[in-house]
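**Q** Take this sequence and fold it.
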Amino acid sequence: MTSREQHDRMANAIRFLSMDAVEKANSGHPGLPMGCADIATVLFSRFLKFDAKAPHWADRDRFILSAGHGSMLLYSLLYLTGYEDMTIDQIKNFRQLGSKTAGHPEYGHAAGIETTTGPLGQGLANSVGFALGERIMNAAFGNDLVNHYTYVLAGDGCLMEGVSHEAIALAGHLKLNKLIVFWDNNNISIDGPVSLADNTDQVARFQACGWNASHIDGTDPEAIAYAIEAARHSDKPTMIACKTTIGFGAPTKAGTNKAHGSPLGAEEIAGARKFFNWDSPPFEIPADILDAWRAVGTGGAKARADWEGRLAKAEPKLKAEFERRVAGKLPSNFDAVIADYKKKLSADKPKVATRKSSEMALEVINGAVPETIGGSADLTGSNNTKTSQTKNITPEDYGQRYVHYGIREHGMAAAINGLTLHGGLIAYGGTFLCFSDYARPSMRLASLMGIRSIFVMTHDSIGLGEDGPTHQPVEHLAALRAIPNHNVFRPADAVETAECWQIALESEKTPSTLALTRQNLPTVRTEHSATNLSSQGAYELAAAGGEAVVTIFATGSEVEIALGARDLLEKHGHPTRVVSVPCFELFDQQSEDYRKKTIGSAKVKVAIEAGIRQGWDHLIGTDGIFVGMHGFGASGSIEQLYPHFGITAEAAAKAVEARLRGN
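**A** So this is what the prediction gives:
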């Protein structure tokens, strides 16, 4: 058998596993795996550095299927190369409840799935974080321990999504030359020819962003190999535009949208079997071809063993630090550092905005945790995300710790996910809370994946003032709280801010958003507590002067207002307690007894938050009093806006007393 015949049969194994699995499931996307099988075969068999028996090897090359609808391409590769948890039964159970072979690749379901993809453009945008993470880790630990490539397979849809431009512009700017993207250039989308909606010269577009980019025949193995070899020796990221035929080999559906998102049907598959001279039954791979693929899967074993030898011989401190960081564990002194800092805050009682409190906490954290990588979407001075330790990462110096993402909120959030998934790093990035709307798809995926991405969202209410309702978040806290597995923190002062940062860094399987003020706030936690009270989600901050008649719940900047309302009500003979609620999600995880005790049995329950009511009723009930926003904000000073919208201690106390009189 010639090497070309061997290649063709190996590629056909991908094609038939994919079309058979989609057919059995009666659901899925056979077209991409059929069209891109040659690209995948060349990449995996001749270039990709991996060991199927050690899928989490830290220095493996990363392969990201950004066009996640073509998931059977990835699942086929994982089965063929011998990943232990990707059995033929998993392939047969494609898209079935409980299988590892979900409709779109899901991180954590099976080894070899580097990130969750499916929402188009996300994998491509994640890859910028992966590639940057490799360069940052390489600068810290050297070529002996970190030296790998990030490969991406993207489709037309990935390149049409707006996030793709944010991603490729950032990658080109940072000269991430170990990032190599294959574009499945098949000119077909769901509606039909891509020309129905787009005629962008993608090669010129990538070149304009500082990439190498060129056209090749995506079915010619030697052309594919030549392009990869050239890309690996480039000083820029590379996009290889691979001309392919969607559903290649299907007699009537190849090259049409009918091959995109539905099973081919028995007749079409029979025709493809004839076209490729493939006579094996469904889900059966000829022994010699399976052996060839399994040899590919173990081909990286020597490189991995050599790497393990280098790690074993590394200087002991460097080795220990590398292993700690890759394991995702914080330095052993971290808790003590935070405890000392909290004591200092309770003694000093600073009156600062929580965005400044965040910067102060980060100054301590970034000094103690060397793997933090900060950044901002062109709002560094407003988000307060830069500290003395975080100098700018540049194409000439990846050994620093701060990324200027530019005005690219979505691209930033996706890159943060990629940095986090790469391993060895804890990434955070900032913008205004209102612009979480631009970042939300990536924030949602961080939650779905269960990873430690951290989003710093400042200017969290009408308190930002004159920029007005376009920039004043109103519904955003509720919207972010609606995302499962996402901790939304709104700290009331510098102490709570430090606690929330501690929780965010310790939450390895949950992303965090910190909603922070522009305006100064007093320290309300004036007595040091060794316990991280914010980790309880809500706690009594001020007790009632007797049996409580009123309980006021509040977050962030409105805790100060709640305490003011308590003073007024206590003076009028209404015993009132205040509960600070820095994190709904963590409060919901507490024991039923703790939740009942914290909510209490006061006659009147009040919530004060400069956002909408949605989400508060599980604390105050549908009959509780809500002091907050009922529509959009307005342009004006903070001194005007809070009274204008009735978010004051006086207004809260007045509403409570009216309710008490009514009772």
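
**Q** What separation do you get for the closest residue to Met412 other than its chain neighbours and Ala515?
**A** Among residues not flanking Met412 along the chain, Tyr405 sits closest, at 3.9 Å (C-beta to C-beta, 6 or more residues apart in numbering). Yep, even glycine has a C-beta here, placed from its N, CA and C like the rest. The gap separating Tyr405 from Ala515 is 19 Å, by C-beta to C-beta, to the nearest Å.

**Q** Who has more neighbours out of those two?
**A** Ala515 (29 against 24; other C-beta atoms under 10 Å).

**Q** Could you pull up the residues touching the more buried one?
**A** By C-beta atoms under 8 Å, 6 or more residues apart in numbering, the contact set of Ala515 is 433, 457, 460, 476-477, 480, 488-490, 556.

**Q** mind listing the strands for the stretch 101-250 of the chain?
**A** For the stretch 101-250 of the chain, applying DSSP state E, counting those that start in this stretch gives strands covering 150-155, 179-185, 188-189, 192-193, 212-217, 238-243.

**Q** Can you tell me which of the contacts of Ala515 has the most neighbours?
**A** Neighbour max across the contacts of Ala515 (other C-beta under 10 Å) = Arg490, 33 neighbours.

**Q** thinking Gly556 is in contact with Ser461, fair?
**A** Yes. Using C-beta atoms under 8 Å, Gly556 is in contact with Ser461, at 7.4 Å.

**Q** got any residues that touch both of these two?
**A** Joint contacts of Gly556 and Ser461 (C-beta under 8 Å, 6+ apart) are 517, 610.

**Q** Tell me which of the contacts of Ala515 fall in strands.
**A** 457, 488-489 (DSSP state E).

**Q** re the thing from before, can you lay out the contacts of Ala515 as TSV showing pLDDT?
**A** As requested, the contacts of Ala515 are exported to TSV (pLDDT from 0 to 100):
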residue	pLDDT
Leu433	98
Met457	98
Asp460	98
His476	98
Leu477	98
Leu480	98
Val488	99
Phe489	99
Arg490	99
Gly556	98
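
**Q** For Ala548, list the residues it contacts.
**A** Contacts for Ala548 were tallied using C-beta under 8 Å, 6+ apart; they are 575-577, 600-602.

**Q** Let me fix that, I meant to ask about Ala336.
**A** Counting by C-beta under 8 Å, 6+ apart, Ala336 has no contacts.

**Q** Just read off the phi/psi values of it.
**A** phi -70, psi -40 (degrees, to the nearest 10).

**Q** Could you check the pLDDT of it?
**A** With respect to pLDDT, Ala336 scores 97.

**Q** Also the one 4 residues further on?
**A** For Asp340, the model assigns a pLDDT of 98.

**Q** Now name the helix or strand holding it.
**A** Under the criterion of DSSP states H and E, Asp340 resides in helix 334-348.

**Q** Which strands or helices does the following helix or strand past that helix pack on?
**A** Downstream of helix 334-348, the first helix or strand assigned by DSSP H and E is strand 352-353. Counting by 3 or more C-beta pairs under 8 Å, 6 or more residues apart in numbering; DSSP states H and E, the packing neighbours recorded for strand 352-353 are strand 520-521.

**Q** and the strand it packs on, which strands flank it?
**A** With DSSP bridges as the test, strand 520-521 is paired with strand 352-353 (antiparallel).

**Q** which other residues reach the strand it pairs with?
**A** So strand 352-353 is in contact with 360, 494, 516-521, going by C-beta under 8 Å, 6+ apart.

**Q** Just the buried residues from those, in ChimeraX please.
**A** Buried residues within those, by 16 or more other C-beta atoms under 10 Å, are selected in ChimeraX with:
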select :360,494,516,517,518,519,521
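
**Q** which among the contacts of strand 352-353 gets closest to Leu345?
**A** Closest to Leu345 out of those is Ala494 (4.8 Å), distances taken as C-beta to C-beta.

**Q** Where is the longest helix in this structure?
**A** For the chain, the longest helix by residue count, based on DSSP state H, is helix 3-25.

**Q** elements contacting that helix?
**A** Looks like helix 3-25 contacts helix 31-46, helix 71-81, helix 88-92, helix 266-276, helix 287-298 (3+ C-beta pairs under 8 Å, 6+ apart).

**Q** so which of the ones you listed is the most packed in?
**A** Ranked by mean neighbour count, those are led by helix 71-81 with a mean of 28 (mean count of other C-beta atoms under 10 Å).
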